[in-house]
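Q: Here is a sequence together with a model predicted from it:
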Amino acid sequence: MVALPPAGRRLFEKGRRLGLHNLVEVGKVCYVLAVWRQRDEGRKLISPQDLISRSPCTSASRYHSRPKVNQVPTKVALNRTSLYLHCMSTKVVQGSRRYGYEECKATADWLLDQAPVRPLVGIVCGSGLGGLADMLKDQKIFNYGDIPNFPKSTVHGHAGRLVFGTLKGKPCVCMQGRFHLYEGYPIQKITMPMRIFKLMGVKTVILTNAAGGLNQDYKVGDVMIIKDHINMPGFAGINPLSGPNEESFGTRFPCMSDAYDRKLQQLAQEVGAELGYSDFLREGVYCVLGGPSFETIAECRMLTRLGADAVGMSTVHEVIVARHCGMQVFALSLITNQAVMDYDSHEKANHEEVLQTGEQRSLQLVKLVSTMVARLDVASDYTNGEAHHC
Ligand SMILES: O=P(O)(O)O[C@H]1O[C@H](CO)[C@@H](O)[C@H]1O
Ligand SMILES: Nc1nc2[nH]cnc2c(=O)[nH]1
């Protein structure tokens, strides 16, 4: 065993504590930590691409005569001469920079390398609303479990697949399944896909969710255009932007009074009216709670008094992160159940009813969203028009 410099030794030990006994065989390696011997270089965390482009004669690249971009060296030799390399799982990296730019970039690059299109529109499917992804043409599907750094879906009704394709000619990416606080993931992790969307070139994010109707005028099956939100966990300091600000994504103190794009709300109203959906199309305020327990009667009454029209366990965290990095946001709630407000009621909120309502309204939601996407005025930063296709 060669003598490692202290920084390298600490990382090596940390990797072992995390169970990475054979670093050489860590499959989902996304980062390479290069510890340079030269004092003035210090410690550097670099992406595989950087490593490959910057140091063509490292032991890693020598081992794999010419590693492809995004192909992380699977075997790393340690040598005394100039460079010590360690392949680390993101677990190790998390300790210093949690779900930051580098991890998001590595995942975005990994996806773009294989995706058929550079998406301009990102869609998130709520509980039971995964059918939205089926409308994409020329699909390329990634299971979440195969995507570096991506969490896995654990909730019934969230398939756990990222689907690329085109919708009415617009390049899209669709999350067939999202992540929730109650699944036990850190809030930064559940919102990470928004930053990955951004880095892939997404301009507009369309989020859908299943929600309980608090507004007494709402009926099961109504579709609510979200015009504003109440971030209940945020009141307790649970906000995806807590911690050091990632300046490369956005400002420390992002504005939220314009979170939901007004023009897109208008477009949804117009499209809804044209499709004959006005009877069940609403506009209101969505309140997020942590879940997974549904609300008590007293909680529902309180939320109504606070001005919420619908309650759920998602979306708001994603919206905050999407707005922080400058994407345009539109969101819809499908009212899958009536929140129970009355002690005489025998109704009980349950996930089966949520999924069932999703299925029943699926067609109309698909039509509404796809017609909106067809009319979206999105343009790519990737200059010439053809660049949407990779
Ligand atoms: O918000 P989505 O993901 O649509 O799911 C909603 O439905 C589930 C409860 O039935 C909760 O996860 C709630 O947040
Ligand atoms: N918190 C919450 N989430 C939901 N998702 C679908 N229905 C509900 C509900 O009634 N309450």
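A: Right, received. Where do you want to start? Ligands and ions are numbered 1, 2, ... in the order given.

Q: who's in contact with stretch 357-369?
A: With Cβ atoms under 8 Å, 6 or more residues apart in numbering as the test, stretch 357-369 has contacts from 123, 126-129, 131-132, 134-135, 157, 206, 208, 210, 220-221, 223, 268, 271-272, 275, 277, 280, 332, 334-337. Where you see a C-beta, it was placed from the backbone N, CA and C, and this is true even at glycine.

Q: Now list the buried members of these.
A: Neighbour-count burial within the contacts of stretch 357-369 applies to 123, 126-129, 131-132, 135, 157, 206, 208, 210, 220, 223, 268, 271-272, 277, 280, 332, 334-337; the criterion is 16 or more other Cβ atoms under 10 Å.

Q: show me where pLDDT drops low in the protein?
A: 1-98, 379-390 (pLDDT under 70).

Q: Would you mind naming what in the stretch 151-300 of the chain lies close to ligand 1?
A: Residues of the stretch 151-300 of the chain lying close to ligand 1 (Cβ under 6 Å from any ligand atom) are V155, R178, H180, N209, A210, G291.

Q: From L111, how far off is the first one?
A: So the one you mean is V155. 22 Å (Cβ to Cβ, to the nearest Å).

Q: Between those two, which has more neighbouring residues?
A: When V155 and L111 are compared for neighbours, L111 comes out ahead with 22 against 18, by other Cβ atoms under 10 Å.

Q: Next up, the contacts around the more buried one.
A: F142, I147, L162, F164, I196, M200.

Q: would it count as being in a helix?
A: Yes. Counting by DSSP: H, G, I helix; E, B strand; the rest coil, L111 is located in a helix.

Q: Could you pull up the residues touching the closest residue to ligand 1 within the stretch 51-200 of the chain?
A: The stretch 51-200 of the chain approaches ligand 1 most closely through G126 (2.7 Å), counting by Cβ to the nearest ligand atom. Going by Cβ under 8 Å, 6+ apart, G126 touches R178, L207, T208, N209, A210, S314, T315, S333, L334, G358.

Q: Let's see which of these end up in strands.
A: L207, T208, N209, A210, S333, L334 (DSSP state E).

Q: If you count neighbours, what's buried in the longest helix along the chain?
A: Counting by DSSP state H, the longest helix found in the chain is helix 351-375. For helix 351-375, the neighbour count (16+ other Cβ under 10 Å) marks 351, 353-355, 357-358, 361-362, 364-366, 368-373 as buried.

Q: Could you report the distance from the spatially most central residue of the chain to ligand 2?
A: In the chain, the C-alpha nearest the mean C-alpha coordinate belongs to P193, at 2.2 Å (Cα atoms, centre = their mean). With distances taken as Cβ to the nearest ligand atom, to the nearest Å, P193 is found 20 Å from ligand 2.

Q: in this protein, which spans are strands?
A: 29-36, 43-46, 83-89, 121-124, 137-143, 161-167, 170-176, 204-213, 223-231, 281-288, 310-312, 328-338.

Q: Any idea which of those gets closest to Y185?
A: strand 170-176 (14.2 Å; Cβ to Cβ).

Q: same for that closest one, what does it pack against?
A: strand 121-124, strand 161-167, helix 187-200, helix 351-375 (3 or more Cβ pairs under 8 Å, 6 or more residues apart in numbering; DSSP states H and E).

Q: Tell me which residue in the stretch 151-300 of the chain sits closest to ligand 2.
A: Taking Cβ to the nearest ligand atom, ligand 2 has its nearest neighbour within the stretch 151-300 of the chain at G212, 2.1 Å off.

Q: Chain neighbours aside, what residue packs nearest to that residue?
A: Leaving aside its chain neighbours, G212 sits nearest to A339 (4.1 Å; criterion: Cβ to Cβ, 6 or more residues apart in numbering).

Q: so that neighbour touches E295, yeah?
A: Yes. Look at A339 against E295 with Cβ atoms under 8 Å: they come within range, at 6.2 Å.

Q: which of those two has more neighbours?
A: A339 (25 against 20).

Q: re the thing from before, got the residues of the stretch 151-300 of the chain next to ligand 1 as TSV, with distance to H324 columns?
A: As requested, those are exported to TSV (distance: Cβ to Cβ, whole Å):
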residue	distance to H324
V155	25
R178	17
H180	19
N209	19
A210	25
G291	23
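
Q: Looking at those residues, which is nearest T251?
A: Using Cβ to Cβ, R178 comes nearest to T251 of those, at 25.0 Å.

Q: My read is that the closest one contacts E318, right?
A: Yes. If you go by Cβ under 8 Å, R178 and E318 touch, sitting 7.2 Å apart.

Q: re the thing from before, now for the residue of the stretch 151-300 of the chain closest to ligand 2: which residues touch it?
A: F294, E295, C300, A310, V311, G312, I335, T336, N337, Q338, A339, A349.

Q: In a markdown table: those, plus distance to P186.
A: A markdown table is the format used below for the contacts of G212 (distance: Cβ to Cβ, whole Å):
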| residue | distance to P186 |
| --- | --- |
| F294 | 23 |
| E295 | 24 |
| C300 | 28 |
| A310 | 26 |
| V311 | 23 |
| G312 | 20 |
| I335 | 29 |
| T336 | 27 |
| N337 | 29 |
| Q338 | 32 |
| A339 | 28 |
| A349 | 26 |
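
Q: Tell me how far the residue nearest to L112 when sequence neighbours are not counted lies from N209.
A: Nearest non-adjacent residue to L112, counting by Cβ to Cβ, 6+ apart: M200, 5.8 Å away. Separation of M200 from N209 (Cβ to Cβ): 22 Å.

Q: Which of those two has more residues huddled nearby?
A: Neighbours per residue (other Cβ under 10 Å) separate M200 from N209, with N209 holding more: 28 against 22.

Q: Specify the beta-bridge partners of that one.
A: On the basis of DSSP bridges, N209 is bridged to S333.

Q: So it is in contact with S127, correct?
A: Yes. Applying Cβ under 8 Å, one finds N209 in contact with S127, separated by 7.1 Å.
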